[in-house]
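Enquirer: I would like to see how this sequence folds:
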Amino acid sequence: MKKFWLFLPAAAIALMGAGCAPAATNDEPYDPGADDEDADKTSETVTLPADFPADLPIYPGAELTYAEVSETYGDSASFDTSDSMKTVYDWYNETLTADGWEKTAGSEETSISAIWEKDNASITFSAYVIGNTTSVNIGKTVYDY
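Expert: Numbers count the residues shown, from 1 in each chain. Below you'll find the predicted structure:
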């Protein structure tokens with residue numbers, strides 16, 4: 001019986017390690033569309049909702065990929081552009097500051113994020129690069145206080 005109790009922990013450890021294999025590595029850059037061979041190759045045109053807030057600007061020349069107006073979650077949009085992350089961020093910083101928004105937070109490392117506030121609302125901005133495309137998410141939240 002004593003040998004059984006010594007065997008049980010050893011078997012458990014062996015079984016835990018049995019599923020551990022070295023992770024597969026791939027030196028190819030990530031292509032989000034490469035894994036979806038059945039994806040429809042035609043893209044649907046996204047347009048801003050008619051009631052999208054005028055003070056939440058969309059970067060000039062950007063390809064809009066998502067837009068929503070929501071009382072519950074705030075208004076938001078996503079878009080892609082071939083311009084650099086820094087160029088897009090600088091445009092938002094200049095445009096929003098000129099419109100009276102005050103930058104209250106931000107970071108500029110491998111991605112860029114920032115928050116501007118005015119009155120009872122905030123605008124959030126985040127950007128990152130995949131390949132040669134800068135993807136941007138913006139959102140506006142109005143606070144009830």
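Enquirer: how many neighbours does Tyr59 have?
Expert: Applying other Cβ atoms under 10 Å, we find 22 other residues in the vicinity of Tyr59. C-beta coordinates here come from the backbone N, C-alpha and C atoms, glycine included.
Enquirer: Just list whatever residues bridge to Asn137.
Expert: Ser78, Ser126 (DSSP bridges).
Enquirer: In this protein, where is pLDDT below threshold?
Expert: Scanning the chain for pLDDT under 70 picks out 1-43.
Enquirer: who touches stretch 126-144?
Expert: The contact list for stretch 126-144 (Cβ atoms under 8 Å, 6 or more residues apart in numbering) reads 29-32, 53, 55-56, 58-59, 62, 65, 74-85, 88-89, 92, 110-113, 120-125.
Enquirer: A ChimeraX selection for those residues, restricted to the buried ones, would help me check which they are.
Expert: In ChimeraX, this line selects whichever of those come out buried by 16 or more other Cβ atoms under 10 Å:
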select :53,56,59,62,74,75,76,77,78,79,81,83,85,88,89,92,112,113,121,122,123,124,125
